[in-house]
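In: how does the following fold in three dimensions:
(one chain, ligands or ions: 2)
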Amino acid sequence: MRHQFPYAAPGQVVGLLGGSFDPAHAGHVHITREALKRFGLDQVWWLVSPGNPLKARGPAPLDQRMERAQQVMQHPRVQVTDIEAALGTRYTAQTLARLRQSYPKVRFVWLMGADNLAQFHLWQDWRQIAQTVPMGILARPGQRISARMSRAAALYAPYRIPGRYSQLLARADAPAWCFVNVPMHDASSTAIRATGGWSA
Ligand SMILES: Nc1ncnc2c1ncn2[C@@H]1O[C@H](COP(=O)(O)OP(=O)(O)OP(=O)(O)O)[C@@H](O)[C@H]1O
Ligand SMILES: O=C(O)c1ccc[n+]([C@@H]2O[C@H](COP(=O)([O-])O)[C@@H](O)[C@H]2O)c1
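Out: Ligands and ions are numbered 1, 2, ... in the order given. Got it, this is the predicted structure:
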């Protein structure tokens, strides 16, 4: 398997969008483009996961998900990577620790959809993640309330940057997070799998 470690210049701000991408879809592309703009990011790297530790069902093979993701996401400032397979990490806290070691002069921002903020307190070392990297949260249909009411949102409420100041997130010291009410896109991998979308 070919592993890819992208280049980032010292001082650049890189958004990380981790996901199963099983398969990648227009919703992923939409939030990536919005994140680049709203958080003033230099780049976004997709981290195509070897397998979400909280999902019982294994995803499609990584090579297949990488290939589809590369077809779907084409933008000069976005890289589709299998960094976690290369590092041998599955837990985000471990991935972030390794990336910060490998790219000491790069600022990372963790990106996720609102559904993942709602579940964030179930992740391994979630407080450590929140205290290490700024987090940019993007609206997702049906998830606004559960995200805002979540345990992580409550614990880190004093550190929330209002959406209208989203450009400040990347340069803020963690903990810092920002929920942006971007126009919503209702694509989901579950819906695509249910309609046999992998064969499309
Ligand atoms: N339509 C969308 N709007 C906002 N965020 C999204 C959207 N689709 C995916 N995301 C976010 O992108 C990241 C990767 O998502 P993932 O690959 O799990 O896709 P998914 O559509 O949520 O998949 P599944 O339905 O299998 O759970 C997650 O942070 C998720 O919240
Ligand atoms: O580290 C964890 O405990 C953890 C638990 C659940 C999900 N994640 C990460 O969250 C990202 C989104 O996962 P998914 O399956 O919802 O696309 C992906 O990078 C996963 O590795 C991480």
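
In: just give the nearest non-adjacent residue to the residue in the chain positioned nearest to ligand 2, would you?
Out: Using C-beta to the nearest ligand atom, the closest approach of the chain to ligand 2 is made by residue 18 at 2.0 Å. Placement of C-beta: from N, CA and C, glycine included. Ranked by C-beta to C-beta, 6 or more residues apart in numbering and with sequence neighbours excluded, the top spatial neighbour of residue 18 is residue 47, at 4.2 Å.

In: SS state for that neighbour?
Out: When classified by DSSP: H, G, I helix; E, B strand; the rest coil, residue 47 comes out as strand.

In: what residues are bridge-paired with it?
Out: Residue 47 has these beta-bridge partners by DSSP bridges: residue 18, residue 81.

In: can you give me the helices in this protein?
Out: 26-38, 62-72, 83-87, 92-102, 114-119, 126-132, 144-148, 151-155, 189-194 (DSSP state H).

In: residues touching the nearest residue to residue 152 once chain neighbours are set aside, list them.
Out: Excluding the flanking residues, the one nearest residue 152 by C-beta to C-beta, 6+ apart is residue 120, at 4.3 Å. Neighbouring residues of residue 120 by C-beta atoms under 8 Å, 6 or more residues apart in numbering: 112, 126, 130, 150-152.

In: re the thing from before, contacting residues around the residue nearest to residue 18?
Out: By C-beta under 8 Å, 6+ apart, the contact set of residue 47 is 16-19, 81, 83-84, 95.

In: from residue 178, how far off is it?
Out: In this view, residue 47 and residue 178 are 20 Å apart by C-beta to C-beta, to the nearest Å.

In: give me the neighbour count for residue 145.
Out: 10 (other C-beta atoms under 10 Å).

In: cool, and residue 62?
Out: Using other C-beta under 10 Å: residue 62 sits among 18 other residues.

In: is it true that it touches residue 83?
Out: No. Between residue 62 and residue 83 there is no contact under C-beta atoms under 8 Å: 11.5 Å.
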